[in-house]
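> Predicted coordinates and the sequence they were generated for:
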Amino acid sequence: LLMLAPDASVSLMEFGQAAVTMVKYTSDVTELTKGINRIVSRPGVGSVMAEALEAGNKELAERPSARRAIVSINLEPSDEQSHENHKQIAQSFQKSEAQLWAVSVQRGGLKNSKRDAVLNDFAKATGGRRDYVIGISAVPDILKAYANALAMQYEVVFKRPETAKAVSKIQVGTRQGLKVHATSVPPK
């Protein structure tokens, strides 16, 4: 992403046992690579992905940005330990106006279908994407596809009349052959 959009900023967070920021927002590929290289496997440790999603959204909501996204990678099976509920996470996505792009490496059955539902629901609702792979070797290509989609964009802006009722959901229509990543979350 940083090679396609050098003015972008990226933060890196891990969510094994606790949601911890490994690298604060940066445009420096070297700094980001150092953080990635510090990530280690923690077998037997429960994850707190929902906590990380809420924390990431909180940080994004405070940052000036034309485009916000959270990209997550998780390994299954995993034991999700977060206490955040669906409504809390939905509110955090609404405040940040971020998209969720999520890839899960399926090495076995799901231990926690609640997390899977969160990733499915919010990837769809925010205009992101949800992918499943069996082998970890497929992840780099998926992340490249995410980066391409996030770096290339057209922004469509609409304004509702002041007399219109508050919008509760956005519906987007497309033409055949056109891929659109659009949120159904109404603007503030």
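Structure's in. What do you need? Residues are numbered from 1 along each chain as shown.
> Can you show me the helices along the chain?
Counting by DSSP state H, the segments of the chain that form helices are 29-37, 49-61, 86-96, 113-126, 139-151.
> Lowest average confidence across the ones you listed, which one?
Of all the helices of the chain, the minimum mean pLDDT falls on helix 113-126 (a mean of 87).
> circling back to that earlier point, identify whichever of the helices of the chain lies nearest to residue 73.
Residue 73 lies closest to helix 139-151 among the helices of the chain, at 6.3 Å (Cβ to Cβ). Bear in mind the C-beta positions are built from the backbone N, C-alpha and C, glycine included.
> So which elements touch that closest one?
strand 69-76, strand 99-106, strand 129-133 (3 or more Cβ pairs under 8 Å, 6 or more residues apart in numbering; DSSP states H and E).
> just the helices of the chain: most buried one?
helix 49-61 (a mean of 21; mean count of other Cβ atoms under 10 Å).
> could you give the angle of that helix to strand 99-106?
Per axes from the mean of the first three to the mean of the last three Cα atoms, to 10 degrees, the angle that helix 49-61 makes with strand 99-106 is 150 degrees.
> Keeping just the C-alphas, turn helix 49-61 into CSV.
The C-alpha trace of helix 49-61 is given here as CSV (Å, rounded to 0.1, in the frame of the first residue of the first chain):
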residue,chain,number,x,y,z
MET,A,49,-9.6,-9.4,17.7
ALA,A,50,-12.9,-7.6,18.5
GLU,A,51,-11.0,-5.5,21.1
ALA,A,52,-8.4,-4.7,18.4
LEU,A,53,-11.1,-3.7,15.9
GLU,A,54,-12.6,-1.3,18.4
ALA,A,55,-9.2,0.2,19.3
GLY,A,56,-8.2,0.5,15.7
ASN,A,57,-11.5,2.3,14.9
LYS,A,58,-11.0,4.7,17.8
GLU,A,59,-7.6,5.6,16.5
LEU,A,60,-8.8,6.0,12.9
ALA,A,61,-11.7,8.2,14.0
